[in-house]
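[1] how does the following fold in three dimensions:
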Amino acid sequence: MYAAKGTARIYDKHPVMDSKRWAHYRHRAGDIVVTTAYKAGTTWMQTIVANLIFQDGKFPEAVTIMSPWLDMDMFDVEEVIAGIEAQSHRRAFKTHLPFDGIPFFDTAKYIYVGRDGRDVFMSLWNHQSRYTPDHKERSRQIAAQHGKVWPDYDGDIHAFWADWISKSWFDWEQDGFPYWSLLHHVQSWWDVRHRDNILFVHFADLLANPEAQVRRVAAFLEIGIDEALLPGILDRISFGTMKRDFDSIIPEAADIWQGGGETFMNKGTNGRWRDVLTQAELDQYDQAVTARLASDCAHWLEAGGKV
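    Residues are numbered from 1 along each chain as shown. Have a look, this model is predicted:
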């Protein structure tokens, strides 16, 4: 195992995330980790990976159960670990942790999925504004236990923007409230992009040419594609089919979001921020990106392309 930059940071005392859960994980060579800050195509990539492992589409269980989010502090960690320990097929997981918060293994494969931060924000707002009352109450209670307040923006997207771009939940970050920093997250992984077991994939490139990106991912994972099954794979990872079959991807969605899968999948498009964010807010975003990201990282986050 490679230790990330000395002592790893602990991301905990949050209504959703607890990085300490990774201490229960027992590594197997070849394990696959899909990593994003959030709302950058995480579930899409998990579904792609699941379809590469099971190319006939016959998954043994729903994608998020087969490929759990290990740092999500909503399900009993022992039950989650027991489930993945029982898997005999190649395993895949999801994380929203920056590189400085996760154990790193030279014999694992890491797929980083990025997306323009303004598109990320719009998708995150859809999540934040459509939580079920039970999920909101749970978040409020956990935040209160740690002396913090989980906000309710009451439909005000600009209030949410003001917090997200300039406040942080964790002391070492500068944005992302009430979650964690997109900018710190992408820069932390960008700094180690030279490692041969990390692949960068951009949401815009997935939208533009899903087949090419599926082939890139397969080659990176050293999984041969059965060409006769490829049309089925491409259909199952399309936005329309994923939305139609969402109960086989995230069965717990209805407990978290009003509207369940309809809310979670929402649009699957980019650029909606152009009709929503003000020029002052866009300037604020540009200033944050300039201050917190290396120029090449900032360019890739906005435009994509091969890393």
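
[2] do you know how far the residue lying closest to residue 273 once chain neighbours are set aside is from residue 84?
    Spatial nearest neighbour of residue 273, excluding adjacent residues (C-beta to C-beta, 6 or more residues apart in numbering): residue 118 at 4.1 Å. C-beta: built from backbone N, CA, C; applies to glycine. Using C-beta to C-beta, to the nearest Å, residue 118 is found at 35 Å from residue 84.

[3] equivalent analysis for residue 144, please.
    31 Å.

[4] please apply the same query to residue 132.
    Taken as C-beta to C-beta, the span from residue 132 to residue 84 is 27 Å.

[5] neighbour count winner among the two?
    Ranked by neighbour count (other C-beta atoms under 10 Å), residue 132 and residue 84 place residue 84 first, with 20 against 16.

[6] ok now do the nearest residue to the more buried one once chain neighbours are set aside, which residues does it touch?
    Distance criterion C-beta to C-beta, 6+ apart; nearest residue to residue 84, sequence neighbours excluded, is residue 91 at 5.9 Å. Counting by C-beta atoms under 8 Å, 6 or more residues apart in numbering, residue 91 touches 28, 30, 31, 32, 67, 84.

[7] so which of those belong to strands?
    Counted as lying in strands by DSSP state E, out of the contacts of residue 91, are residue 32.

[8] redo the contacts of residue 91 as a markdown table? Include distance to residue 216 and pLDDT.
    A markdown table is the format used below for the contacts of residue 91 (distance: C-beta to C-beta, whole Å; pLDDT from 0 to 100):
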| residue | distance to residue 216 | pLDDT |
| --- | --- | --- |
| 28 | 23 | 97 |
| 30 | 18 | 97 |
| 31 | 19 | 98 |
| 32 | 14 | 98 |
| 67 | 19 | 93 |
| 84 | 25 | 95 |
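
[9] could I have the buried ones of the contacts of residue 91 as PyMOL selection syntax?
    Typed into PyMOL, the line below selects the buried ones among the contacts of residue 91, using 16 or more other C-beta atoms under 10 Å:
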select buried, resi 31+32+67+84
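
[10] so what's the residue count around residue 301?
    Based on other C-beta under 10 Å, the number of other residues close to residue 301 is 22.

[11] where along the stretch 1-150 of the chain do the strands fall?
    32-35, 92-95, 109-114 (DSSP state E, counting those that start in this stretch).

[12] turn the ones you listed into JSON lines, columns for distance to residue 156.
    JSON lines is the format used below for the strands of the stretch 1-150 of the chain (distance: least, C-beta to C-beta, whole Å):
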{"stretch": "strand 32-35", "distance to residue 156": "31"}
{"stretch": "strand 92-95", "distance to residue 156": "30"}
{"stretch": "strand 109-114", "distance to residue 156": "27"}
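
[13] hmm, residue 37 is touching residue 188, no?
    No. Contact criterion C-beta atoms under 8 Å: residue 37 and residue 188 do not qualify, at 9.8 Å.

[14] joint contacts of those two?
    residue 98.

[15] just want to know which of these two has more residues nearby.
    A count of neighbours by other C-beta under 10 Å puts residue 37 above the other of residue 37 and residue 188, at 27 against 22.

[16] quick check: phi and psi at that one.
    The phi/psi pair for residue 37 (degrees, to the nearest 10) reads phi -70, psi -50.

[17] if I look at residue 41, how far off is residue 237?
    11 Å.

[18] between those two, which one's more packed in?
    Higher neighbour count among residue 41 and residue 237: residue 41, with 25 against 22, using other C-beta under 10 Å.

[19] wait, the more buried one sits on residue 112?
    No. Contact criterion C-beta under 8 Å: residue 41 and residue 112 do not qualify, at 10.6 Å.

[20] please enumerate the shared neighbours of these two.
    Joint contacts of residue 41 and residue 112 (C-beta under 8 Å, 6+ apart) are residue 201.

[21] any low-confidence regions in the stretch 151-300 of the chain?
    248, 250-270 (pLDDT under 70).

[22] look up how far residue 50 lies from the spatially most distant residue from the centre of the chain.
    The C-alpha centroid of the chain is most remote from residue 228, which lies 30.1 Å away (C-alpha atoms, centre = their mean). Counting by C-beta to C-beta, the gap from residue 228 to residue 50 is 19 Å.
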